[in-house]
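J.: prediction below, plus the sequence it came from.
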Amino acid sequence: MLEDTIYFFYDLVQYFINGLAQGSIYALIALGYTMVYGIIRLINFAHGEFYMIGAFLGFYVVIAGHSLWIAFPVAMIGSGIVAVIVERLVYRPIRSAGRIPALITALGTSLFFQYLGQGVIGAEPKAFPSVINDQTFMFGEIMFTSTQIIIVGVTFVLMLFLWWLVGYTKVGKAMRATSYNREAAELMGINTNRIISITFFIGASLAGAAGVLVGLYYSTIEPMMGLIPGLKAFVAAVLGGIGNIPGAVVGGLILGIAENLVMGFWASTYRDAIAFAILIFILLVKPTGILGKNIKEKV
Amino acid sequence: MNSSFIKIIKNILIYLGIISLTVSNAYSNKSKPTIDVGAVFAMTGPTATFGQESISGIKLALKTINKEGIAGRKIRLILEDNKGEPLESANAVRKLIDMDKVSVVLGAVASSNTLAGAPIAQKAKVPLLTPSSTNPKVTMMGDYISRACFTDDFQGVVMAKFAKETLKKSRAAIIVDNANDYSKGLAKVFRQKFQEFGGTIVSKDDFAYQQKDVDFRSILRRVKRKKPDVIFVPGYYTEVGLILKQAHQMRFNVPFLGGDGWDSPKLQQLAGKEAITGHYLSSHFSPDDSSPKVQNFVKEFKKEYNERPGAMAALGYDATFILANALKNAKNLSREEIKVAINNTKNFSAITGNITINKNRNAVKSAVVLKTTPAGNVFVQKVDP
């Protein structure tokens, strides 16, 4: 019995570590969701596809024989540019048409990239080469790998950067102003179209980085890979309070850890069910999310 | 808008469609009386290398067969991609039967896919010959469904015996793909036989994952707790590759065993050099087999595609020759007579062994056990039925 209890605590810590790594990836994707929502109230369902594009860009750079130091920037800038183009060609023309057309357009964009990917690259999963020397560290029963450290580390650095960008720079100030009231921001001389483009760029870059991290972690990528993590990140964003940047991080981590606990102690079959059950629960109990504020609709 | 106008346009389009179909059929019938054979395989998706290999084997066989043809008639292959999914598989079989009016259907690889298409073929009374679906339920769908490979009832015994008698292991864990008929069927046979041979299965229920899962660390952790000395993972290469890799990271030092679902070069790629070494799988064929028939096939295949054939290529090749042989022996080329001829295949000498289709429409022949190495799978032993 005592042995079981000790194992239980070992397991708890272990699943917590695994969840932290997976949750970091959700958090990176969720940030893009939440930033875009914060600024133009659009739930960008195509966001998971920017993550997929990032993963493939990183994959091809690595395949070509370059290191991760090149793969990361290429993936981030590449998905960012794709997102800016999508925003310019697809979302901007219908921005004034209301939220439902925008939402449906986002779904369409998402399907477009999934099937474009299947058509161009092929639907079979590709093996992401193991470019780093993946070491395993053992502490008694608890183990973690260097990839997990890299994931948590990269996520932490990118979040610090985002925190600084939004809170302490002129661009960040403009983003906050645009989010608060776009028309007023425009009257103050802010080029809101440019700010929206920048927001899309940053959000998609973070997703692109997450794509490369996932390639390293699970060593397999495929064109449909953005679908489920995209939805999960959406759950994470809602969980933390959509539009709220720290909320996205908190939501991502909670979701990742919850999923791993379910997988470890129960069964992996229920993992996705739990993730979406959490979403429904949050929407029922606290519709604005954990860190979301109660904002009265402006009339 | 006036809906009648749309209706007229629609009718015109349908009419034109019918005309063009009849015309093209009449045309093709007149100019070249081909025998149309449908093929349903995963050209994309998580089992894509299996489908692609099978088609390579089929096309290579057709090249030889069509030199002479079947009584002067050539076989025309109509390929449908089922993306590795049961629903797409059912749709593809329906399309081949209803639209293309094929005489026979070849396919698919994954048992879940074949099981989805087989009832449709059976109902339409179109013979369906699967080169490589091993789940026993497949041919129980009816007398029009047959296969060119052995079943999991045999494959499971082979691996259970190998684990107990050759590797001398006594505690086995089973990790199963829960949404997959092939995996579940094979797991069931292994569990039963391994215990019959005197071994222990460490848990009452199998450890389960699902196709397209990528994170197996939590499952592997629970497996490790049970201290098995051998682990049976009857899944497909996409997930198994990752399982092997993650197990290696978690410092498992017991061999993993699997079935023909492992037999793809992608397994090596996904698992990586260190994790792939020292595991075993059962399969239909090994390119290392020294028999001249196999070596000729390997040579021919290499010449055509510049790579070594896998088991799926060999089975695709064999299935096509079984079909050609049946077409030659059939009284006429009605679907019913083709079915009778396929089911009457006796002692047909093929790459993967001498094939006899038994009364349950399964091929009875030997299996091989292969060992995984970074460079590919190498031959260990041959097991006769």
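T.: Perfect, I can see it now.
J.: nearest residue to A:I202 in space, please, no chain neighbours.
T.: The shortest distance from A:I202 to any non-neighbouring residue, by CB to CB, 6 or more residues apart in numbering or on different chains, is to A:M35 (6.7 Å). No exception for glycine: its C-beta is placed from N, CA and C like everyone else's.
J.: what is the host helix or strand of B:K293 packed up against?
T.: Using DSSP states H and E, B:K293 sits in helix B:292-305. The criterion is 3 or more CB pairs under 8 Å, 6 or more residues apart in numbering or on different chains; DSSP states H and E, and the helices and strands that helix B:292-305 contacts are helix B:48-68, helix B:311-329.
J.: what does chain B have sitting close to chain A?
T.: Counting by CB under 8 Å from any CB of the partner chain, chain B comes close to chain A at B:44-46, B:48-49, B:83, B:178, B:208-210, B:213-215, B:217-219, B:221-222, B:225, B:238, B:241-242, B:245, B:249-251, B:266, B:269-270, B:272.
J.: now with 6 Å, please.
T.: Within chain B, the residues that sit near chain A (CB under 6 Å from any CB of the partner chain) are B:44-45, B:48, B:209, B:214, B:217-218, B:238, B:249, B:269-270, B:272.
J.: ok, B:S132 touching B:V109?
T.: Yes: B:S132 is in contact with B:V109 according to CB atoms under 6 Å; the separation is 5.0 Å.
J.: related to what we said a few turns ago, so which elements touch the helix or strand harbouring the residue nearest to A:I202?
T.: Assessed by DSSP H and E, A:M35 sits inside helix A:2-40. Here helix A:2-40 is seen to pack against helix A:47-63, strand A:142-145, helix A:146-168, helix A:170-180, helix A:192-218, helix A:227-240, helix A:245-265 when contacts are counted using 3 or more CB pairs under 6 Å, 6 or more residues apart in numbering or on different chains; DSSP states H and E.
J.: could you point out the helix or strand that follows the fifth one?
T.: To tie it back to what came earlier, the one meant is helix A:192-218. strand A:220-221.
J.: for that next one, the distance to its chain's centre please.
T.: Counting by CA atoms, centre = their mean, to the nearest Å, strand A:220-221 is centred 17 Å from the centre of its parent chain.
J.: strands paired with it, and their directions?
T.: Strand A:220-221 pairs in its sheet with strand A:126-127 (antiparallel), by DSSP bridges.
J.: what about the helices in the stretch 201-350 of chain B?
T.: B:217-225, B:237-249, B:265-271, B:273-276, B:292-305, B:311-329, B:335-343 (DSSP state H, counting those that start in this stretch).
J.: dump the ones you listed to JSON lines, plus mean pLDDT, distance to A:V249 and mean neighbour count.
T.: Below are the helices of the stretch 201-350 of chain B laid out as JSON lines (pLDDT from 0 to 100; distance: least, CB to CB, whole Å; neighbours: other CB atoms under 10 Å in any protein chain shown):
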{"stretch": "helix B:217-225", "mean pLDDT": "87", "distance to A:V249": "23", "mean neighbour count": "21"}
{"stretch": "helix B:237-249", "mean pLDDT": "92", "distance to A:V249": "26", "mean neighbour count": "25"}
{"stretch": "helix B:265-271", "mean pLDDT": "89", "distance to A:V249": "31", "mean neighbour count": "23"}
{"stretch": "helix B:273-276", "mean pLDDT": "90", "distance to A:V249": "33", "mean neighbour count": "18"}
{"stretch": "helix B:292-305", "mean pLDDT": "92", "distance to A:V249": "49", "mean neighbour count": "15"}
{"stretch": "helix B:311-329", "mean pLDDT": "93", "distance to A:V249": "45", "mean neighbour count": "26"}
{"stretch": "helix B:335-343", "mean pLDDT": "93", "distance to A:V249": "61", "mean neighbour count": "20"}
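J.: take those helices and lay them out in TSV including distance to A:W69.
T.: TSV is the format used below for the helices of the stretch 201-350 of chain B (distance: least, CB to CB, whole Å):
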stretch	distance to A:W69
helix B:217-225	27
helix B:237-249	24
helix B:265-271	24
helix B:273-276	23
helix B:292-305	37
helix B:311-329	40
helix B:335-343	59
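J.: before we move on, the earlier item: just send the helices and strands packed on helix B:292-305 back as CSV, with distance to B:A124 too.
T.: Converted to CSV, the helices and strands packed on helix B:292-305 look like this (distance: least, CB to CB, whole Å):
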stretch, distance to B:A124
helix B:48-68, 22
helix B:311-329, 18
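J.: quick check: the residue nearest to B:V102 when sequence neighbours are not counted vs chain A, distance?
T.: Ranked by CB to CB, 6+ apart and with sequence neighbours excluded, the top spatial neighbour of B:V102 is B:G38, at 3.8 Å. Plainly put, B:G38 is 21 Å away from chain A if you go by CB to the nearest CB, to the nearest Å.
J.: which residues are in contact with B:G38?
T.: Counting by CB atoms under 6 Å, 6 or more residues apart in numbering or on different chains, B:G38 makes contact with B:78, B:96, B:102, B:105.
J.: may I ask which helix or strand encompasses the second one?
T.: Spelled out, that is B:L96. In this assignment (DSSP H and E), B:L96 forms part of helix B:86-98.
J.: who are the packing partners of that helix?
T.: strand B:35-41, helix B:111-124.
J.: would you mind putting the CA coordinates of whatever helix or strand comes next after that helix into CSV?
T.: Counting by DSSP H and E, the element after helix B:86-98 in chain order, helix or strand, is strand B:104-107. Below are the C-alpha coordinates for strand B:104-107, written out as CSV (Å, rounded to 0.1, in the frame of the first residue of the first chain):
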residue,chain,number,x,y,z
VAL,B,104,-13.4,-7.3,-59.2
VAL,B,105,-12.2,-5.0,-56.3
LEU,B,106,-8.7,-5.3,-54.9
GLY,B,107,-8.1,-3.8,-51.4
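J.: so for strand B:104-107, mean pLDDT?
T.: Mean pLDDT, strand B:104-107: 92.
J.: I would like the residues contacting stretch A:122-132, please.
T.: So stretch A:122-132 is contacted by A:59, A:62, A:68, A:215, A:219-222, B:44-45, B:48, B:238, B:269-270, B:272 (CB under 6 Å, 6+ apart).
J.: one more time with 7 Å
T.: Contact with stretch A:122-132 is made by A:59, A:62-63, A:67-68, A:146-147, A:215-216, A:219-223, B:44-46, B:48-49, B:83, B:238, B:266, B:269-270, B:272, as judged by CB atoms under 7 Å, 6 or more residues apart in numbering or on different chains.
J.: please pick the buried ones from the residues you listed.
T.: Neighbour counting by 16 or more other CB atoms under 10 Å in any protein chain shown classes A:59, A:62, A:68, A:146-147, A:215-216, A:219-223, B:44-46, B:48-49, B:83, B:238, B:266, B:269-270, B:272 among these as buried.
J.: tell me the domain boundaries of chain B?
T.: Per automatic domain parsing, the domain ranges recorded for chain B read B:32-150+B:292-365, B:153-283.
J.: tabulate the ones you listed (TSV), appending distance to A:A184.
T.: Formatted as TSV, the domains of chain B follow (distance: least, CB to CB, whole Å):
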stretch	distance to A:A184
domain B:32-150+B:292-365	50
domain B:153-283	45
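J.: those domains: which one's closest to A:A258?
T.: Set against A:A258 and scored by CB to CB, the domains of chain B come closest in domain B:153-283, at 12.6 Å.
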